[in-house]
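1. what would the 3D arrangement of this be:
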Amino acid sequence: MTIVSKPSNVFSAPRPIRLLGARLDSTTEQQCIAHVLDSLDEGRGGWIVTHNLDHLRRLTLDGAFRALCEQADIRVADGMPLVWASWVQGTPLPERVAGSSLIWTLSAAAAMRGKSIFLLGGDGESSSRAAEALRSKWPNLKVAGVDPAPVGFDRDAARMEQLRRRLIAAGPDIVYVALGSPKQEQLISELRSTLPQAWWIGVGISFSFVCGEVRRAPRWAQRAGLEWVHRLAQEPGRLWRRYLCQGIPFAARLFVSAALKRFAVRTET
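-> Residues are numbered from 1 along each chain as shown. Below is the predicted model of the structure:
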């Protein structure tokens, strides 16, 4: 009998789809969590990229960023506009899988399976405060370490070497990186070989959500695709250009592209 081993970087969920050429894996949040934990049990690590509308816009403009994200093992839709566009295109994704949700649900599952986490980045002391918040909710959660990654650390060779040694010594199973995009993807690409057995996830502003420094939108707003409005109301000076000048026009382009692709498929058939 021939035994076929499972390839290390093949996601077992249904076939991935593409929006404007970018790959997205068709998975639920629970399937994603199960894949990560099962992989850890088998001694395999990986990288989850959580694409939102701004990610997708950058992927269409920046070939280097697109190449970087193509290295990831799982690419999920962290934004309702991407899910809706998949429906318009006729290649429906099952649901949104947000990094700011995964940090809660994956940490809960990690606590149950005896896996450890490391929190890297965030604003100020948010990494330590987020670790405390997660540990207070799940006392069995193993927090292997935190590192606030101060501004400019990635341009300091000595500081980067110190971080590598700290990660190796801590040996976490899951590393949350909260530096914003594309910096967090660039750092994960640079550091993941340091801990190839770990799973790496860029989670943006999530440490601030977890520790309560920034309020996340209510669930109804998340489900309605209005989380960006809630963020804009809290940080208008920083986010108005991103959401109003870049996000809305790009969303229109995305939906038109999805509709044309669906129409083209119908015409061919």
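2. what ranges do the helices span in the stretch 1-150 of the chain?
-> 29-41, 53-61, 63-69, 80-89, 99-113, 126-137 (DSSP state H, counting those that start in this stretch).
3. residues touching the residue nearest the centre of the chain, list them.
-> For the chain, the residue nearest the mean C-alpha position is residue 50 (3.0 Å; C-alpha atoms, centre = their mean). Neighbour list for residue 50: 76, 78, 97, 98, 99, 102, 201, 202, 203, 204 [criterion: C-beta atoms under 8 Å, 6 or more residues apart in numbering]. The way it works is simple: take the backbone N, C-alpha and C, and place the C-beta from them, glycine included.
4. list just the nearest of these to residue 233.
-> Nearest to residue 233, judged by C-beta to C-beta, of those is residue 204 at 17.7 Å.
5. can you count the residues close to the closest one?
-> Counted with other C-beta atoms under 10 Å, residues neighbouring residue 204 total 24.
6. try residue 160
-> 16.
7. quick check: closest non-adjacent residue to it.
-> residue 154 (6.5 Å; C-beta to C-beta, 6 or more residues apart in numbering).
8. just to check, the one you found is in contact with residue 183?
-> Yes - between residue 154 and residue 183 there is a contact under C-beta atoms under 8 Å: 7.4 Å.
9. in which helix or strand would I find the residue lying closest to residue 216 once chain neighbours are set aside?
-> Spatial nearest neighbour of residue 216, excluding adjacent residues (C-beta to C-beta, 6+ apart): residue 209 at 4.6 Å. Using DSSP states H and E, residue 209 sits within helix 206-211.
10. can you redo the contacts of residue 50 as a markdown table with distance to residue 257?
-> Shown next, in a markdown table, are those (distance: C-beta to C-beta, whole Å):
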| residue | distance to residue 257 |
| --- | --- |
| 76 | 20 |
| 78 | 19 |
| 97 | 22 |
| 98 | 23 |
| 99 | 24 |
| 102 | 27 |
| 201 | 28 |
| 202 | 25 |
| 203 | 28 |
| 204 | 25 |
